[in-house]
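Asks: No letters, just coordinates:
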């Protein structure tokens, strides 16, 4: 079974600064997807960024980028130029690419607070 | 595109009562998922449908839980004989078969069992 671990329950950062959220995972699969989802207070969860395991290049989406280390099974999220609207719970998630199971396996989340 | 909608948003019930939640996915999405999220935890998978077929169920889904998607559109999640441990946020999500993993989530239905 796959597991996802987020070792930082809470983090804070000053507006305009950079913050990195950590995620490690455990799997015996070679083909899979990794995701970071954002859950703002009292709002629905939305996708921040996605990484296919077969791609060596790290994914980027505007101010959001990942550091994907497949051998180390590490998948961290870097948020540059942090904004107040980035305040949210951030969840790292894993999904097998093929082989039946379609479920996302989530970590416990990191609560990020961006301070003015 | 109105997004994934869930109803009710909040439900307070007494232990032993039955509750039902409804989820309306994005219209062209053939896959629908139910997750449960308790305080301080990430969402935990409960079950998913492709069209009207329920393809996978978690062991978390005890025999008091039942989910349906009768016409491959909306879905219902029923909890019978509720227990205090059922208190949680129940999240619905949907996607198409073509998407590589991105789920579109609703705002959730919060259940409180007294």
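Replies: Okay, I see it. Computed from a predicted structure; not experimentally measured.

Asks: pLDDT weak spots in the chain?
Replies: With no chain named, the answer covers chain A. A:98-101 (pLDDT under 70).

Asks: ah, I was thinking of chain B
Replies: Using pLDDT under 70, chain B drops low at B:1, B:99-101.

Asks: Dead centre of it: give me the residue that sits there.
Replies: In chain B, the centroid-proximal residue (Cα atoms, centre = their mean) is residue B:34; its distance is 3.3 Å.

Asks: Show me how far the helix or strand where that one lies is from its chain's centre.
Replies: Using DSSP states H and E, residue B:34 sits within strand B:31-37. Here strand B:31-37 is found 5 Å from its chain centre; the criterion is Cα atoms, centre = their mean, to the nearest Å.

Asks: What ranges does the chain have for its strands?
Replies: Unless you meant another one, I'm taking chain A. A:3-5, A:10-14, A:19-21, A:24-26, A:32-39, A:46-52, A:60-61, A:64-69, A:74-79, A:88-96, A:105-106, A:110-115 (DSSP state E).

Asks: Sorry, I should have been clearer: chain B.
Replies: All strands of chain B, identified by DSSP E, fall at B:5-7, B:10-13, B:19-24, B:31-37, B:44-50, B:53-57, B:65-68, B:75-79, B:88-95, B:104-105, B:109-113.

Asks: Tabulate those (JSON lines), appending distance to chain A.
Replies: C-beta: built from backbone N, CA, C; applies to glycine. Listed next are the strands of chain B as JSON lines, based on distance: least, Cβ to the nearest Cβ, whole Å:
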{"stretch": "strand B:5-7", "distance to chain A": "9"}
{"stretch": "strand B:10-13", "distance to chain A": "11"}
{"stretch": "strand B:19-24", "distance to chain A": "12"}
{"stretch": "strand B:31-37", "distance to chain A": "7"}
{"stretch": "strand B:44-50", "distance to chain A": "4"}
{"stretch": "strand B:53-57", "distance to chain A": "7"}
{"stretch": "strand B:65-68", "distance to chain A": "14"}
{"stretch": "strand B:75-79", "distance to chain A": "15"}
{"stretch": "strand B:88-95", "distance to chain A": "7"}
{"stretch": "strand B:104-105", "distance to chain A": "4"}
{"stretch": "strand B:109-113", "distance to chain A": "10"}
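
Asks: where does chain A come near chain B, residue by residue?
Replies: A:4, A:33, A:35, A:42-47, A:50, A:52, A:91, A:93, A:95, A:100-109 (Cβ under 8 Å from any Cβ of the partner chain).
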